[in-house]
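**Student:** 3D model of this:
(one chain, ligands or ions: 1)
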Amino acid sequence: MQQLQLPAFGRVLALGAHADDLEIGCFGTLSKLMSRGTQVDGLILSGSDERKQEQAASFAAWGWKGRTGHLSFTDGLFPSYAAEIKAAIRGFTNGQAYDLVLVHHKADHHQDHALLGSLAYNLFRNCPIWEYEIPKYDVDTVQPNVFVPLAEAEMASKVAHLMGHFACQQSKAWYTPGTFEALGRLRGVQANTNFAEAFTCRKLAFSI
Ligand SMILES: [Zn+2]
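**Tutor:** Sure, this is the predicted structure:
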């Protein structure tokens, strides 16, 4: 499959409801962007002290290039705080223009994920939005239309990072290397490559 080259994005925003969401949904993609010099502002909206510590260690080990923020909205109750969350995202971004926003899929069945996916379209009306996916118990797997190929070593790096930095998730039956490798491989098959991360983009404008 022909692979289009992205322009040199200067600044990207990545929104995650919980610690580890960005790593699951777009570790490979953000790693590639940051290796090209893109500054990524990363905001996580909820987390206990333990999860905040894990997320901070993850950002540090990742070699994150850009601002990070980690707020304390209650896990599972985001729809009850929609106005406050919207204001908090506005406060974090403070009018910054972005070349791309990465956020949860709007159709994600986790209420916190879905709220952020919807709010992104209200908050960022002048740049592309890519909705990333989180595999889970709910049968909400999407049919994405944007694929970022990952080499085998890049997929291995993602899995190692996920397994090495979020100890409090390890008790969950689904949180295994096989889960992440399987989704990455499926998306790789669909992109006619080895592994891939996949996104949903609802609107793009091209200059030809
Ligand atoms: Zn989450």
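**Student:** Could you measure from the closest residue to residue 175 other than its chain neighbours over to residue 58?
**Tutor:** Spatially, and ignoring its direct neighbours in sequence, residue 175 is nearest to residue 169 (4.6 Å; CB to CB, 6 or more residues apart in numbering). From N, CA and C alone the C-beta is placed, and that goes for glycine too. According to CB to CB, to the nearest Å, residue 169 stands 11 Å off from residue 58.
**Student:** Now the common contact residues for these two.
**Tutor:** Common contacts of residue 169 and residue 58 (CB atoms under 8 Å, 6 or more residues apart in numbering): residue 20.
**Student:** and stretch 12-23, is it in reach of the ion?
**Tutor:** Yes - Stretch 12-23 lies within reach of the ion by CB under 5 Å from the ion, at 17, 18, 21.
**Student:** correct me, but the first one touches residue 104?
**Tutor:** Yes - when contacts are counted by CB atoms under 8 Å, residue 17 is listed as touching residue 104 (6.4 Å).
**Student:** Could you tell me which residues touch both of those two?
**Tutor:** Common contact partners of residue 17 and residue 104 (CB under 8 Å, 6+ apart): 110, 113, 116.
**Student:** would you say the last one is within a helix?
**Tutor:** Right, residue 116. Yes - per DSSP: H, G, I helix; E, B strand; the rest coil, residue 116 lies within a helix segment.
**Student:** Going by residue numbers, what spans are helices in the chain?
**Tutor:** Ranges of helices in the chain, per DSSP state H, are 21-35, 49-62, 82-93, 111-123, 152-165, 177-190.
**Student:** Just name the most buried of the ones you listed.
**Tutor:** Counting by mean count of other CB atoms under 10 Å, helix 21-35 has the highest mean neighbour count of those, with a mean of 23.
**Student:** Excluding residues flanking it in the chain, which one is nearest the residue nearest to the spatial centre of the chain?
**Tutor:** When CA atoms, centre = their mean is applied to the chain, the residue found nearest the centroid is residue 22 (3.6 Å). Among residues not flanking residue 22 along the chain, residue 16 sits closest, at 4.4 Å (CB to CB, 6+ apart).
**Student:** And the one you found, how far from residue 113?
**Tutor:** 9 Å.
**Student:** before we move on, what about residue 171?
**Tutor:** Taking CB to CB as the measure, residue 171 and residue 113 are separated by 21 Å.
**Student:** Please apply the same query to residue 37.
**Tutor:** Taking CB to CB, one finds residue 37 at 29 Å from residue 113.
**Student:** again with residue 44
**Tutor:** 12 Å.
**Student:** Now the common contact residues for those two.
**Tutor:** Residues touching both residue 44 and residue 113 comprise 17, 21, with contact defined as CB under 8 Å, 6+ apart.
**Student:** what residues does this protein put near the ion?
**Tutor:** 17, 18, 21.
**Student:** That's all I had, so thanks and see you.
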